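Chemist: sequence and predicted structure are below.
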Amino acid sequence: MSDQESNVAQLLSLSRAARLVGVSRGALQKKIKNGELPTFEGMVKPEDLVRAYPDTQLEDNTALERFSRIKDEAFNLRVRERLLPEPEVLVERLAGLGRELAQTKALVERYKTVTEWLYDKFSEFEKSGGREIMGVMGPLKLWLRHELEKETPSDYLQSYLVKDSFLRLMTAHIRLLPGRREFFVEGSDTILDAALRAGISLPYRCSNGICGLCKAKVVSGKTLPVRHSDYSFSEVEKNQGYVLLCSHTAVSDLEIEAAVIGGAQDIPEQQIAARVKKIERLGENMALLHLQTPRTKRLQFLAGQSVLLETGNGAEAELPVASCPCDDRNLQFHIQRFSDNRLSDYVFRKLKNGDIVTLTGPKGEFALHEDSTHSQIYLAYDTGFAPIKSLIENAMARDVADTMHLYWVAGKEGHYLNNLCRAWTDALDNFQYTPVVAETAEATQVLEQIQADHADLSGYDIYVAGPASCLTVVKEFLRNINFPENQLVMTRVE
Ligand code: FES
């Protein structure tokens, strides 16, 4: 690559770089770990990116599109309804790109003038000097002329520039301070919705511009209100650039000072009357219950957590949420039919669309390790798949794990969402799925298989959900092979 091409260098965040070459962020991190892509303070040079992905067609985004589709499904229709940024946002971004283009043109003109001046100086020097000087200046002039007449940047680099400009027109990049969390705001999404979609938990409650819990300080960049808000900021907050993340979108790339939810202890208990949206039968004794909360009272929770469900007949049960917090309004639960369980019996016999179910929670501490970039192994026993599904969808949204491997041990109800797990495998290069039939598996057989599949387990976080008896076996097995205790996260699901 010529010097001229490298002049366009501008450091890219990993998320932006991944988008440019159409791969997931996890895939890019793998290249970095393998030493195939250098980074500078966590950023990537465009020319290094082009070198690391020489065969990538910038127009070909198949892999990323498959990945985005999976993420969108976890996020329901909320995002797809609003694909285009607001007109004011587009105008601002176009004006910004126009300004950048004008500056670049001015810079090119200046370089041209300096280069011509340099050529003339070489000529003067050549004429005034002796034989020796001529011997140096001649080739130097030839080289300069040759470089100036060279083709403009390669097609590949030009495609990169076009695509980068397009991405900057359609999306804004957000960096959260302190720390390195980053995500994109697409369409006319609010900053809060975009963060949730990226698997980042920020403090919020009403999602409607009332409570003020989502306020954060914009350190750099420009935002635009896209929803009405009744919250009043103090004069000091106004002057310091505070905005409500639930009612603003990003006009430009932003740096925001915001507290991130550190764990279950940071989320207050909520009570919400949710409506039954759909009850889907997944087999004779399994049902998928879809609940929808009011628009202004969504459930804030961490992937993997549970809530207490209470139905009209006064029956209640604590159940894991089986969907991703990236869609905090549309919640799913896996209900198994038990004749001696009042809630399960009510769901199968009486509950219908439109009925109200009261949710209290969230409860429990089963959640992803917040800052871990370890590869992940998920082990689900029967309906333990519910919280594991929520974790997997959240991990996909975060896109930081190198690899994910799901083992699902199922008994008589079978792998009731087998197709979904297969779809994940098809869509993601770094996802593996191993269904295991419980009747044929000894308690420790699946653990021996995990050990055989992954020679060195020390680089993994292992998440397990299932009955207490299974958790005891898993704990014992992993202790015996000296697996680090802090990399094992378990929850009981009977
Ligand atoms: S979440 Fe209540 S004001 Fe934003």
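Modeler: Happy to help now that I have it.

Chemist: the longest strand along the chain: partners in the sheet, and parallel or antiparallel?
Modeler: Longest strand of the chain, by residue count under DSSP state E: strand 270-283. Looking at strand 270-283 with DSSP bridges, its partner strands are strand 286-292 (antiparallel), strand 356-363 (antiparallel).

Chemist: okay, now the domains of the protein?
Modeler: 3-58, 88-166, 171-264, 267-363, 375-492 (automatic domain parsing).

Chemist: quick one: mean pLDDT over the longest one.
Modeler: Okay, so that is domain 375-492. Mean pLDDT, computed over domain 375-492, is 91.

Chemist: hmm, the longest strand of the chain in reach of the ligand?
Modeler: No. Counting by Cβ under 6 Å from any ligand atom, the ligand has no neighbours in strand 270-283; the shortest distance is 12.3 Å. Using the backbone N, CA and C atoms, a C-beta is placed for each residue, glycine as well.

Chemist: looking only at pLDDT, what's the mean for that strand?
Modeler: Strand 270-283 carries an average pLDDT of 95.

Chemist: and that strand, C-alpha only, in CSV?
Modeler: Extracted as CSV, the C-alpha positions of strand 270-283 are listed here (Å, rounded to 0.1, in the frame of the first residue of the first chain):
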residue,chain,number,x,y,z
GLN,A,270,-40.5,-3.8,40.0
GLN,A,271,-44.1,-4.9,39.9
ILE,A,272,-45.7,-4.9,36.4
ALA,A,273,-49.1,-5.9,35.1
ALA,A,274,-48.2,-7.6,31.7
ARG,A,275,-50.6,-8.7,29.1
VAL,A,276,-50.6,-12.2,27.5
LYS,A,277,-49.6,-11.7,23.8
LYS,A,278,-49.5,-15.3,22.7
ILE,A,279,-49.4,-18.8,24.1
GLU,A,280,-47.5,-21.1,21.8
ARG,A,281,-47.5,-24.8,22.2
LEU,A,282,-44.1,-26.4,21.8
GLY,A,283,-45.2,-30.0,22.4
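
Chemist: list the buried residues in that strand.
Modeler: Neighbour counts over strand 270-283 (16 or more other Cβ atoms under 10 Å) mark Gln270, Ile272, Ala274, Val276, Lys277, Ile279, Leu282 as buried.

Chemist: taking the residues you listed together, which two end up most distant?
Modeler: Taking Cβ to Cβ, the two most distant members of the buried residues of strand 270-283 are Gln270 and Leu282; they sit 27.6 Å apart.

Chemist: quick one: pLDDT of Phe183?
Modeler: Phe183 is assigned 91 on the pLDDT scale.

Chemist: please report how far the nearest residue to it once chain neighbours are set aside lies from Asn418.
Modeler: Nearest residue to Phe183, sequence neighbours excluded (Cβ to Cβ, 6 or more residues apart in numbering): Ala198, at 3.5 Å. Ala198 is 28 Å from Asn418, where distance means Cβ to Cβ, to the nearest Å.

Chemist: what does Ala401 give?
Modeler: Using Cβ to Cβ, Ala401 is found at 22 Å from Asn418.

Chemist: in this protein, which helix or strand is least confident?
Modeler: When the helices and strands of the chain are scored by mean pLDDT, DSSP states H and E, helix 3-6 comes last with a mean of 41.

Chemist: could you point out which element follows that one?
Modeler: Next along the chain after helix 3-6, taking DSSP states H and E as the criterion, comes strand 12-13.

Chemist: give me the neighbour count for the closest residue to the ligand within the stretch 51-200 of the chain.
Modeler: Nearest residue of the stretch 51-200 of the chain to the ligand: Leu192, at 6.5 Å (Cβ to the nearest ligand atom). Leu192 has 24 neighbouring residues, counting by other Cβ atoms under 10 Å.

Chemist: cool, Phe348 as well?
Modeler: Per other Cβ under 10 Å, the neighbour tally for Phe348 reads 20.

Chemist: and Ser339, by the same measure?
Modeler: For Ser339, the neighbour count with other Cβ under 10 Å is 8.

Chemist: now do stretch 341-359: distance to the chain's middle.
Modeler: How far stretch 341-359 lies from its chain's middle: 33 Å, per Cα atoms, centre = their mean, to the nearest Å.

Chemist: I misspoke; the intended subject was stretch 209-226.
Modeler: With Cα atoms, centre = their mean as the basis, stretch 209-226 stands 21 Å off its chain's centre.

Chemist: same check on stretch 458-474?
Modeler: Chain-centre distance of stretch 458-474: 25 Å, with Cα atoms, centre = their mean.

Chemist: next, the distance between the ends of it.
Modeler: Start to finish, the residues bounding stretch 458-474 are 15 Å apart (Cα to Cα, to the nearest Å).

Chemist: list the buried ones in it?
Modeler: Tyr460, Asp461, Ile462, Tyr463, Val464, Ala465, Gly466, Cys470, Leu471, Val473, Val474.

Chemist: with stretch 474-485 instead?
Modeler: Neighbour-count burial for stretch 474-485, counted by 16+ other Cβ under 10 Å, picks out Val474, Phe477, Leu478, Phe483.

Chemist: please identify the helix or strand for the first one.
Modeler: With elements taken from DSSP H and E, the one containing Val474 is helix 468-480.

Chemist: quick one on the thing from earlier: the residue of the stretch 51-200 of the chain closest to the ligand contacts Cys214, doesn't it?
Modeler: Yes. Counting by Cβ atoms under 8 Å, Leu192 touches Cys214, with 5.4 Å between them.

Chemist: common neighbours of these two, please.
Modeler: Leu202, Tyr204, Ser207, Leu245, Cys246 (Cβ atoms under 8 Å, 6 or more residues apart in numbering).
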